[in-house]
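Visitor: return a 3D structure for these sequence lines:
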Amino acid sequence: MGVKRVKIHINFQPNKCGKRIFVGEDDDWISELPDEILVHILSLLSLKEAARTSVLSSRWINLWKHTPSLCFDAQQSLLDKLYLEVELLESERLKYVKWVNSVIQSHKSPALKEFKICFNLNKSSAKAITRWLEFAFSRKVERLELDIRSRRNSSKYYCFPDEFLTLTNCRPPPNFQPPSHSMLVAAGFKSLKALVFKFVCVSGGAIEFLLHNCPLLEQLIVHESNKLSKLQVCGSSLKLKHLEIVHCCPGLESLKVSAPKLTTLIVTTVTGLLLENVPMLVNVSVRCDPGSISIKRLFDVVLSRCISQMHTLCLGQYSCGVFRGEMDEICDLPKMPNLKKLVIEYRGRGYENLVRLAALIRASPYLEEFVLHFNWSTLPREDRQIEGAVTNCPHHHLKIFKFCGYYGSANDVELLGYILENCIVLEKK
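Guide: From the prediction side, this is the model:
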């Protein structure tokens, strides 16, 4: 059995965090461990739990301050409560900001593996958030997550500061005076491997700047940014493997992707989506706005660059707009020879012929798992006549079928009947 090795930063100074004092008659064998081992153990705890160990003895007072991960997570129950109680929200914001400030002022690790902010903040905390970002970049952070969770008013979202975009060797604007910490912040870009922005105003230009100044960046996630309009994720030297652009419409007009190492793409709109050099793209999740694009164009044009290599495909439709009047098109789709998992999130109105979705199974001869999330926008009062039966076609690889939202209509029953009859190696349903 293999043993996982603990990676310690080269600048870490062992055995200097506190004196080894034992409590009680028996030897405290845990405290006898080297500092780097103890810090690794503390890194497996939450930040508050790690800080509580400082009361154990003088040996533990400063150990938690060397942990390489700073995750300032708030309890989900508190976040849910603050979403409704505005007065309580303001006081809790002040407490949260004070907590983060106190931790980063006493933190001693020369490098950070992770720095995460997760709380309902807005522009009123902008100066503090900017200082936190400066701190993270100056500590050569590898994973940075900024989840502001402010759902009330997008005009109050925190904006990623443009001053960060002039801290590298790029040509600065005329008369620009870089801050004294600019070199430390710029150096932090070079270590960044994962970047997550949620409820943060960030422009396409800022994202493109970060893509080309963070040479190790492998994961980029942007949720709920109302400042994105046009974005190009392009570059032959990009190491990006995971790209997620979620709920950034209607502002997002176009998204061009050309990244040779990209393996996973998650987007909530296909409007303006252009895929070019994506030879390793195997996991795709897209949502189609009602009436925005036909199912045939989605497969023949938008996904044409990766259709033959995909392993996982998730199709999300908010309503039946994509399929309405286009059920004939779904029967003439290109083959997906490598697809192993298909997920369809579908909102129906009661008149669709669900069994036609079996065409997606036939287009995926090696499909192993099919998941259908069926949400009724309006529950049908009575069964409608099912027209256009689908010819049976045995499938020899589908092992798992999940039907979430089963209502018991004739439509549902027919689809289940087709699956049971044609998927001859089905193991789980």
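Visitor: give me the phi and psi for His223.
Guide: phi -120, psi 140 (degrees, to the nearest 10).
Visitor: so in terms of bridging, what pairs with it?
Guide: Lys198, Val246 (DSSP bridges).
Visitor: how close does it get to Val196?
Guide: Using C-beta to C-beta, to the nearest Å, we find His223 at a distance of 8 Å from Val196. From N, CA and C alone the C-beta is placed, and that goes for glycine too.
Visitor: likewise Ser46?
Guide: Relative to Val196, and taking C-beta to C-beta, Ser46 is found at 18 Å.
Visitor: these two: which is more packed in?
Guide: More crowded of Ser46 and Val196, by other C-beta atoms under 10 Å: Val196, with 19 against 12.
Visitor: name the nearest residue to the more buried one, ignoring sequence neighbours.
Guide: Nearest non-adjacent residue to Val196, counting by C-beta to C-beta, 6 or more residues apart in numbering: Glu145, 3.9 Å away.
Visitor: go on, Cys118?
Guide: Asp147 (4.4 Å).
Visitor: what's the local residue count around Asn392?
Guide: 10.
Visitor: tell me if I'm right that it and Tyr418 touch.
Guide: Yes: between Asn392 and Tyr418 there is a contact at 7.2 Å, judged by C-beta atoms under 8 Å.
Visitor: how about the residue nearest to Cys118, what does it touch?
Guide: 116-119, 196, 198-199 (C-beta atoms under 8 Å, 6 or more residues apart in numbering).
Visitor: how about JSON lines for those residues, with distance to Leu339 and pLDDT added?
Guide: Output for these, formatted as JSON lines (distance: C-beta to C-beta, whole Å; pLDDT from 0 to 100):
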{"residue": "Lys116", "distance to Leu339": "34", "pLDDT": "95"}
{"residue": "Ile117", "distance to Leu339": "37", "pLDDT": "95"}
{"residue": "Cys118", "distance to Leu339": "35", "pLDDT": "91"}
{"residue": "Phe119", "distance to Leu339": "39", "pLDDT": "90"}
{"residue": "Val196", "distance to Leu339": "28", "pLDDT": "97"}
{"residue": "Lys198", "distance to Leu339": "30", "pLDDT": "93"}
{"residue": "Phe199", "distance to Leu339": "33", "pLDDT": "92"}
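Visitor: related to what we said a few turns ago, so how far is Thr264 from the residue nearest to Cys118?
Guide: As judged by C-beta to C-beta, Asp147 and Thr264 stand 20 Å apart.
Visitor: dihedrals phi and psi, the residue nearest to Val202 when sequence neighbours are not counted?
Guide: Nearest non-adjacent residue to Val202, counting by C-beta to C-beta, 6+ apart: Phe160, 4.3 Å away. Backbone torsions of Phe160, given as degrees, to the nearest 10, read phi -60, psi 120.
Visitor: for Phe160, what are its contacts?
Guide: 197, 200-203, 206.
Visitor: now a PyMOL select for only the buried ones of these.
Guide: Burial among these is assessed by 16 or more other C-beta atoms under 10 Å; the matching PyMOL selection reads:
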select buried, resi 197+200+201+202+203+206
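Visitor: just the contacts of Phe160: which are in strands?
Guide: 197, 200-201 (DSSP state E).
Visitor: make TSV out of the residues you listed and add distance to Glu134 and pLDDT.
Guide: As requested, the ones in strands among the contacts of Phe160 are exported to TSV (distance: C-beta to C-beta, whole Å; pLDDT from 0 to 100):
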residue	distance to Glu134	pLDDT
Phe197	16	95
Val200	16	92
Cys201	18	91
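Visitor: export those residues as a markdown table, with columns for distance to Asn277.
Guide: Below are these laid out as a markdown table (distance: C-beta to C-beta, whole Å):
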| residue | distance to Asn277 |
| --- | --- |
| Phe197 | 25 |
| Val200 | 28 |
| Cys201 | 29 |
